[in-house]
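> Dropping a prediction and its sequence here:
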Amino acid sequence: MNPGTLIAGDFMSLLATHKLAPVPIVPASTAPVQTQATTVFAFEFAEGVLMAGDRRATAGNVIVTDRVDKVIEIDATSLLAIAGVPATAFEMARVLQTSFEYYRRSQLQPLSLPAKVRALARLLRENLPMTMQGVGVVAPLFAGLDQTVSPAKPQIYFYDPLGAQFQSVDYVASGSGSGTIRSVLSFQEQYGSPRPSQMKLGEAVKFALRLLMVASEFDSATGGVNPATQTYATIKLLRSSGVESITDQQQSGFLKI
Amino acid sequence: MTEEPYRWLEAVANRREYVREQLKRGSPAFAASLPDGILLLAVGGGQSKVFELFDRHALAGLGHPADIEKIRQAAIDAAHTESFTRAPEDVSLRRLVSFGLSPQLKTNFEQIFTAPFLVELLLAEIGNAPEKDLLLRLHFDGGFRFQAGGVMVAASQPEPEAAAQAWLNGSLAGKTDRREVADVLLQAWWCLVENKPFGEGLPEEAQRQAGWRASSSERVVELGWLARNSPRHARYEPLSLAQAGL
């Protein structure tokens, strides 16, 4: 992009005029030990979309922390779940947060859902050199509101690390522990009663917490849920009215039902 | 002209007169700090006059729509760049105006061969407590004045603005209800646009209320609310008259 060109409402071009690269590409001769590994997922439940993630970050076989929030509110109608290298993923989230709000405030209208979905795809494509080097791989999930229908309908999208975007049907998962819970989600969707899409809020939150418990049984890089140590997940909902967070206290309450 | 100091001073004085004349029919804007948030209010003919700038910041003003738009864009660009390169908490009204908007307005006003900005503006920053609220009056020549909390008026002419400000300081003292405050601000708006005196001869409250309702019926009353306690980063929300209880 020409550094002098400012596209109305486009925060990336505003950054370019200041010669600020949002996700700088810094090639290195040796790769550092990456902080990564995750289980994040989203599924449709009766009242909208539930997006959840464990809270563990690892570097190799070292647990770095069990207090990472991998499900991020991008704006009042969008959620991002990050899987992959946090350094890149958190920066992408920050770029999206600022870009969406910048567009809404400067253009006096919200960015459309397709434009939001493509904005993340663009960041992933721009991260291609780091992805190819294997030091900055990000495979996120995105949920946004389709406001062209009434009431607004929550939609789930997932991406490959090269930036291809796909709309999900019913559920999606990403990260090192995703294989396990995809099996559970698939089973529950086909044979479960209720199916995830029929679950009420309490059932959906309890199901999400149990999914993470199962994932952590088979994936050491996924932090589990342990009420005894007050370790819970990050859970956010996207309803037609917007984003809502489920607190640790609420999760504790739903687990007891 | 610029090599002769007297003629330069005269040219600047002429510009001031020109801007005031152009703004004469502008509809005033208001901001009031309340326990639960900051209320911004303006009445327009269809063009927006109250805007969200950033998470905790809003703007209201009068003047030429294109000039208001330029200032608004400049403020939004600066706030979002600052937020991205540092943090949202680092975006402050004081820095935004002192080092950004005010110098630009002053430079533009004193460059006598360019068109001046036809604007009178109010900016607001919500704090964690009412005493931390910041209201700012920004003039077309770059002059500005900060005030912690309270109420602030932006009108096209200095004398009526000062009279309305003094009356509102007294009338809103102790008032905390948003509906009540919006009603009083609209009464002040009506008095300003109808050239009613704020001292002796001020119409009765019922007349003022009937007055603003009649005068605003063909126009758009814009209300902006910066909420003090909100789970979201973006504290601003536009309100309708009905939402404000009017």
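Arrived safely.
> who's in contact with the closest residue to chain B within the stretch 151-257 of chain A?
Nearest residue of the stretch 151-257 of chain A to chain B, counting by Cβ to the nearest Cβ: residue A:245, 7.4 Å away. Every C-beta, even on glycine, is put in place using the N, C-alpha and C of the backbone. Taking Cβ atoms under 8 Å, 6 or more residues apart in numbering or on different chains, we find residue A:245 in contact with A:73, A:235, A:236, A:237, B:231.
> Now do the SS call for it.
Following DSSP: H, G, I helix; E, B strand; the rest coil, we place residue A:245 in the strand state.
> ok, residue B:45 touching residue B:216?
No. The criterion here is Cβ atoms under 8 Å, and residue B:45 misses it with residue B:216 at 10.6 Å.
> And those two? Which one has more around it.
More neighbours surround residue B:216 than the other of residue B:45 and residue B:216, with 19 against 9 (other Cβ atoms under 10 Å in any protein chain shown).
> Quick check: chain neighbours aside, which residue is closest to the more buried one?
Computed as Cβ to Cβ, 6 or more residues apart in numbering or on different chains, the closest residue to residue B:216 that is not its neighbour in sequence is residue B:43, at 5.4 Å.
> For my notes, confirm the one you found occurs in a strand.
Yes. Counting by three-state DSSP, residue B:43 is located in a strand.
> which ones are touching residue A:216?
A:39, A:54, A:177, A:222, A:223, A:224, A:225.
> Quick check: nearest residue in space to the second one, chain neighbours excluded?
Put plainly, it is residue A:54. Leaving aside its sequence neighbours, residue A:54 sits nearest to residue A:223 (Cβ to Cβ, 6+ apart; 4.3 Å).
> tell me the phi and psi of the one you found?
phi -80, psi 140 (degrees, to the nearest 10).
> about what we covered before: let's see which of the contacts of residue A:216 end up in strands.
Among the contacts of residue A:216, no residue falls in strands (DSSP state E).
> In these, find the pair that's most separated.
Greatest spatial distance among these (Cβ to Cβ): A:177 and A:225, at 12.3 Å.
> Quick one: residues contacting the residue nearest to residue A:218 when sequence neighbours are not counted.
Sequence neighbours aside, residue A:180 is the residue nearest to residue A:218 in space, at 4.7 Å (criterion: Cβ to Cβ, 6+ apart). Applying Cβ under 8 Å, 6+ apart to residue A:180 gives the contacts A:39, A:214, A:215, A:217, A:218, A:219.
> Secondary structure element holding residue A:180?
Residue A:180 belongs to helix A:178-191 when elements are defined using DSSP states H and E.
> buried set for that helix?
For helix A:178-191, a neighbour-count test (16 or more other Cβ atoms under 10 Å in any protein chain shown) marks A:178, A:180, A:181, A:182, A:184, A:185, A:188, A:189 as buried.
> what do you get for stretch A:241-256?
Within stretch A:241-256, the residues scored as buried using 16+ other Cβ under 10 Å are A:242, A:243, A:246, A:251, A:254, A:255.
> Now do the SS call for residue B:200.
With three-state DSSP as the basis, residue B:200 sits in coil.
> Before we move on, what's the pLDDT of it?
We have a pLDDT of 91 for residue B:200.
> give me phi/psi at it?
According to degrees, to the nearest 10, residue B:200 has phi -60, psi 140.
> ok, now which ones touch it?
So residue B:200 contacts nothing (Cβ under 8 Å, 6+ apart).
> now residue B:209
Residue B:209 touches B:183, B:186, B:187, counting by Cβ under 8 Å, 6+ apart.
> try it again with 6 Å
Not one residue lies near residue B:209 by Cβ atoms under 6 Å, 6 or more residues apart in numbering or on different chains.
> Low-confidence bits of chain B, can you list those?
Along chain B, the model assigns pLDDT under 70 to residues B:1-3.
> Residue numbers of it in contact with chain A?
Residues of chain B lying close to chain A (Cβ under 6 Å from any Cβ of the partner chain) are B:52, B:76, B:77, B:80, B:84.
> Report the separation between the residue lying closest to the first one once chain neighbours are set aside and residue A:63.
On the basis of Cβ to Cβ, 6+ apart, the spatially nearest residue to residue B:52 that is not a chain neighbour turns out to be residue B:236, at 3.9 Å. Separation of residue B:236 from residue A:63 (Cβ to Cβ, to the nearest Å) stands at 40 Å.
> who has more neighbours, the two?
residue B:236 (25 against 13).
> contacting residues for the residue most central in space within chain B?
Centroid-nearest residue in chain B, with Cα atoms, centre = their mean: residue B:122, separated by 2.5 Å. By Cβ under 6 Å, 6+ apart, the residues touching residue B:122 are B:29, B:31, B:60, B:152, B:154.
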